[in-house]
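Colleague: structure for the following, please:
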Amino acid sequence: MHKVCLFTDTLGDLNGVSRFIQDMGALAAKSPHFELQIATSTSKPLPIEPYIHNLPYRGRIAMPFYQEMDLVWPNKQAIQAFLERQQPDSVHISTPGPFGWLAKQVALSMGYPLIGTYHTDFPAYIHDLSGSVWLKKQTNKIMAKFYQPFEHVFSRSDKYQAIMQKEIHITKNRISTLKAGTQLTQFHPRHHNPAIWAKFALDESRLKVLYVGRINIEKSMPFLLGLWQTLHTQNPELQADLILVGEGRYRKLANKMRPFNIHFLGPLRGQTLREVYASSDVFIFPSLTDTLGQVIMEAQASGLGCLVSDVGGPQTLIVNHKTGQILPANNQQAWLAGLKAILNDQIKQQQWSEQARQHCLRYDIEQSFEDFKQQHLSLGAQPPLEPQPIVAPTRSG
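Modeller: As a prediction, this is how the structure comes out:
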């Protein structure tokens, strides 16, 4: 039996990283010869499973710029005791937050080989949130230091391998891409239920353009809201609503945005979320900072064509002009043209819907888990790599 202990700063949160880790844990619990024990440290409710462990912490605050997520002061003794009990073959650090950072230090001191995943482009987040190139460079240096002792680091998309090499100086031989996957049985067109819109006092006869994710600046929310307001102003006859699902600081604009047919539904889970996906007409996701885009797979699995940016990981999940459209980042005119075209073409909406679901069949979460498992088994059979030196960044911008 090969055992991996995975440490993560996020598990009870509504985000793609949390969903992916929970999926891996559930599938590992049914897999022979591979054991995954997941540890976090949070005040948020977690699934009650024997492989999920909520370790005590010393204190917590809301994360700056990302109030929906906690930062904790982790307990070093609790992490060490957990590893002594589990005796894993390797340690997987999934996030570079305070909990992941201390878990990394403890695992290194105990001699465990380290594997990680670059789930989140924090330097890009910091740049979007602060507008500071200097802060982005400093965050790049921190990320380089964090990942320097790892034997292997997984990317969530091929696009990000080059970024990981250039920005945080992880050598090519220490990077591979984890196969993407989602719950194809949970997210499905069969959950189509136009009556779901009455629950939110919305007219089911109007077109629905859906966004799911954090309602924050790092997800290009100012661009999306400005885009829709311009579309609405220029095309007052258009019978369409922009539906925003998620949590974040831009929810405070809900009342101001209602005249533009922009509706904030808040965070949704379970069957309600599945029905909202399957009952929408188009999915829109202009974010520039996502390493993959779990919501893109959920949308396509639900039968939605997707409009995404040509920067970051989501574009890797789209077949351009067949399952959606890849549009130039922050180019309002291009996005206006693409959005208006699809909203006025019901035939293309249906074609995208059918092709999106068919395309997404390659992204089965069970295949993703099998890749996750096999890569860990393969890495566990290899001799450890020497830690790589950090090369000072030379890029000026």
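Colleague: low-scoring stretches of the stretch 251-397 of the chain, by residue?
Modeller: Counting by pLDDT under 70, the ranges of the stretch 251-397 of the chain that qualify are 380-397.
Colleague: residue boundaries of the strands in it?
Modeller: 262-266, 282-285, 305-309, 324-327 (DSSP state E, counting those that start in this stretch).
Colleague: JSON lines for the ones you listed, including mean neighbour count?
Modeller: (Glycine included, C-beta is placed from N, CA and C.) Below are the strands of the stretch 251-397 of the chain laid out as JSON lines (neighbours: other Cβ atoms under 10 Å):
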{"stretch": "strand 262-266", "mean neighbour count": "18"}
{"stretch": "strand 282-285", "mean neighbour count": "26"}
{"stretch": "strand 305-309", "mean neighbour count": "25"}
{"stretch": "strand 324-327", "mean neighbour count": "23"}
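Colleague: reformat those strands as a markdown table; add distance to residue 213.
Modeller: Shown next, in a markdown table, are the strands of the stretch 251-397 of the chain (distance: least, Cβ to Cβ, whole Å):
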| stretch | distance to residue 213 |
| --- | --- |
| strand 262-266 | 12 |
| strand 282-285 | 7 |
| strand 305-309 | 12 |
| strand 324-327 | 16 |
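Colleague: and residue 81, what helix or strand is that in?
Modeller: helix 76-86 (DSSP states H and E).
Colleague: how far is that helix from where the chain is centred?
Modeller: 28 Å (Cα atoms, centre = their mean, to the nearest Å).
Colleague: any idea of the mean pLDDT in that helix?
Modeller: Averaging pLDDT along helix 76-86 gives 98.
Colleague: what of stretch 140-156?
Modeller: On average, stretch 140-156 scores 95.
Colleague: tell me the contacts of residue 318?
Modeller: 296, 306, 308, 324, 325, 326 (Cβ atoms under 8 Å, 6 or more residues apart in numbering).
Colleague: can you check residue 189 too?
Modeller: Counting by Cβ under 8 Å, 6+ apart, residue 189 has contacts 278, 302, 303, 353, 357.
Colleague: which among those residues gets closest to residue 79?
Modeller: When those are compared for distance to residue 79 (Cβ to Cβ), residue 302 wins out at 38.4 Å.
Colleague: what's the distance between the nearest residue to the closest one once chain neighbours are set aside and residue 248?
Modeller: Residue nearest to residue 302 in three dimensions, not counting chain neighbours: residue 277, with 3.8 Å by Cβ to Cβ, 6 or more residues apart in numbering. Distance, residue 277 to residue 248, by Cβ to Cβ, to the nearest Å: 19 Å.
Colleague: mind listing the helices for the stretch 151-300 of the chain?
Modeller: 159-167, 221-234, 254-257, 270-278, 294-301 (DSSP state H, counting those that start in this stretch).
Colleague: and these, which is most packed in?
Modeller: Ranked by mean neighbour count, these are led by helix 294-301 with a mean of 28 (mean count of other Cβ atoms under 10 Å).
Colleague: what helices or strands is it leaning on?
Modeller: Packed against helix 294-301 by the contact rule (3 or more Cβ pairs under 8 Å, 6 or more residues apart in numbering; DSSP states H and E) you find helix 16-28, strand 207-212, strand 282-285, strand 305-309, helix 346-360.
Colleague: right, I'll call it a day here.
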